[in-house]
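> coordinates only, sequence not included:
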């Protein structure tokens, strides 16, 4: 499980526990007060790097850039977003795992890298358990979408079509979140014979879908919102509708229960000192709790994720277990 670094200040622990009860609709002011009341002792002395282990334009990249400026202003230092893609997020993740645990290099981690990857690969190039959970940013659902001209208008018609002939679907890699989510849908719809076509990233995969290189894809919500007019929309991979596309039904509403919400958040190397963890966690919480950032996230179909640092560490651990079961059920395994 991800390493947990607990703040040492009794005052901060008390305030953070109180913050856990605030609702999403009334977070901006209380969370700002929390960050001010529990002023962290660590102050950054140079620029901080957010490593995004995927190409530019995907969900993790969008979320990172959305919060980087706000968090940098609050910490008093610029934040550089560094896209370090490769091996389904493993290359960038490994670079952070081996970085100095001083708070200046953080990973924009996700369910892809820390809930799914460690269960898929028999010889992973980084250890998902050897990270410090710092702060959540957002949760994202996916939208099952089809290429232009696909002769199906809803999920039931799609399942019927898939039963008549082999369809293909794209993702940003074997064992990626989109791959796992599609396996969940196939299991719910009792489909077994679909061709998986991996791409180098979510943005290239969506381009392939729009170019009819593949028939289907579980598209990250921000890209689904931006491209829905060019593609066929079948349903959302969550148990409740998403405000940004609230006219689109969930797959569960159509009889195919798919609960594939994915998290994005900041992780650091193992054994990060408590002071930078507390400082960064407080500033991210304040930024994500602000009305400005929340409005941007919600507009793209992302759900702001507000948890204290210990709560986030527990959440990452529980998601590791949940997705491990999904991967075992789907039989996804890569021997490398």
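Great, that's in hand. Being a predicted model, the structure only gives us computed values, none of them experimental.
> can you list contacts of stretch 58-73?
Contact with stretch 58-73 is made by 48, 50, 52-55, 78-79, 81, 83, 108, 110, 112, 137-138, 140, 172, 201-203, 220-223, 262, 264, 280, 283-284, 287-288, 290, 292-293, 296-297, 300, 302, as judged by CB atoms under 8 Å, 6 or more residues apart in numbering. C-beta: built from backbone N, CA, C; applies to glycine.
> just for the protein, where's the confidence low?
Where the chain drops to pLDDT under 70, the residues are 1-41, 336.
> could you chop it up by domain?
Here the domain assignment for the chain is 10-140+262-330, 142-254, based on automatic domain parsing.
> would you format those as JSON lines with mean neighbour count included?
Formatted as JSON lines, the domains of the chain follow (neighbours: other CB atoms under 10 Å):
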{"stretch": "domain 10-140+262-330", "mean neighbour count": "20"}
{"stretch": "domain 142-254", "mean neighbour count": "20"}
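> now, the contacts of stretch 58-73 that are in strands?
48, 50, 52, 79, 81, 83, 108, 110, 137-138, 140, 220, 262, 264, 302 (DSSP state E).
> quick check, nearest of the residues you listed to residue 100?
Nearest to residue 100, judged by CB to CB, of those is residue 48 at 12.3 Å.
> excluding sequence neighbours, find me the nearest residue to the closest one.
Leaving aside its chain neighbours, residue 48 sits nearest to residue 79 (4.9 Å; criterion: CB to CB, 6 or more residues apart in numbering).
> and for residue 58?
Spatially, and ignoring its direct neighbours in sequence, residue 58 is nearest to residue 202 (4.0 Å; CB to CB, 6+ apart).
> what's the answer for residue 275, then?
Distance criterion CB to CB, 6+ apart; nearest residue to residue 275, sequence neighbours excluded, is residue 42 at 3.6 Å.
> residue 168 now?
residue 195 (4.1 Å).
> again with residue 209
Distances taken as CB to CB, 6+ apart place residue 217 nearest to residue 209, at 4.7 Å, with adjacent residues excluded.
> give me the element that neighbour is part of.
strand 216-220 (DSSP states H and E).
> what are the pairing partners of that strand, and which direction each?
strand 142-146 (antiparallel), strand 167-171 (parallel) (DSSP bridges).
> of all those strands, which one is nearest residue 331?
Across these, closest to residue 331 is strand 167-171 (CB to CB), at 16.0 Å.
> show me how far the helix or strand that comes right after that closest one is from its chain's centre.
Counting by DSSP H and E, the next helix or strand C-terminal to strand 167-171 is helix 177-189. What separates the centre of helix 177-189 from the centre of its chain is 16 Å, taken as CA atoms, centre = their mean, to the nearest Å.
> and stretch 250-261, by the same measure?
How far stretch 250-261 lies from its chain's middle: 18 Å, per CA atoms, centre = their mean.
> what's it in contact with?
Counting by CB under 8 Å, 6+ apart, 139-142, 144, 154-156, 159, 177, 180-181, 184-185, 188-189, 218, 234-241, 303 sit against stretch 250-261.
> and the end-to-end length of that stretch?
For stretch 250-261, the first and last residues are 12 Å from each other (CA to CA, to the nearest Å).
> and the residue nearest to residue 58, how far is that from residue 173?
Look at residue 202 and residue 173: by CB to CB, to the nearest Å, they are 10 Å apart.
> residue 299 now?
For residue 299 relative to residue 173 (CB to CB), the value is 27 Å.
> likewise residue 240?
From residue 240 across to residue 173, the span is 28 Å (CB to CB).
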